[in-house]
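>>> Next one to model:
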Amino acid sequence: MDIVIRPAEPGEYATLGEITAEAYLGDGLLDFGESDAYLGELRDVAKRAAAAEVLVAVAEGRVLGGVTFVPRGGAMADISGPGEAEIRMLAVARAARGRGAGEALVRACIERARAVEGCVRVVLSSQRTMRAAHRVYERLGFVRSPQRDWNPLPDLDGLLLITYELTL
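Numbers count the residues shown, from 1 in each chain. Model (predicted):
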């Protein structure tokens, strides 16, 4: 199966939003299920696309997954600083997992980061339970950066996001 990585088109936003929400819900990554406020953020691909670059993995005319690439700061950045690009909201449909779509999306972000003038590093946050994603990141050269680990909801103990970085 040939996987093509390209910018998401507006007609694909709803599909990608559902893939992303289902991936996070199905993998138990949202603490409050359907009532989790972050679920709305995951579904709002149009908002992400207005502030960053949203890429999709497509094969045989179907969207398999997507990622948000933040080339330099702005509203979509969580942990990136000067000279850093950030990868956010990587998700692949359950039925499409294990076929290389996630890795292809991460590789596309790395390539884009290399094309950003002054970019020296790619950073990302992940949950501890996202072990398959961690294997992809490590295979591509990312290393853990525990000094950057953070909690997006300080009032909620135990929601520590772990971080990775790749020096370009």
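>>> those helices in this structure, which residues are they?
Assigned helices in the chain, in chain order: 13-26, 37-43, 45-51, 101-115, 131-139 (criterion: DSSP state H).
>>> Return the member of those having the minimum mean pLDDT.
Mean pLDDT is lowest for helix 37-43 out of the helices of the chain, coming in at a mean of 82.
>>> Which strands or helices does that helix pack on?
The contact analysis (3 or more CB pairs under 8 Å, 6 or more residues apart in numbering; DSSP states H and E) places helix 37-43 against helix 13-26. All C-beta atoms are positioned from the backbone trio N, CA, C, and that covers glycine.
>>> Run the angle between the helix it packs on and helix 101-115 for me.
Between the axes of helix 13-26 and helix 101-115, defined by axes from the mean of the first three to the mean of the last three CA atoms, to 10 degrees, the angle is 120 degrees.
>>> residues making contact with helix 13-26?
With contacts defined as CB atoms under 8 Å, 6 or more residues apart in numbering, helix 13-26 is touched by 8, 29-30, 33-34, 38-39, 42-46, 49, 54, 56, 63-66, 89, 91-94.
>>> please redo it, this time with the cut-off set to 6 Å
For helix 13-26, contacts defined as CB atoms under 6 Å, 6 or more residues apart in numbering pick out 8, 30, 39, 42-43, 45-46, 56, 63, 65-66, 89, 91, 93.
>>> Which among those residues count as buried?
For the contacts of helix 13-26, a neighbour count by 16 or more other CB atoms under 10 Å gives the buried set as 8, 30, 39, 42-43, 45, 56, 63, 65-66, 89, 91, 93.
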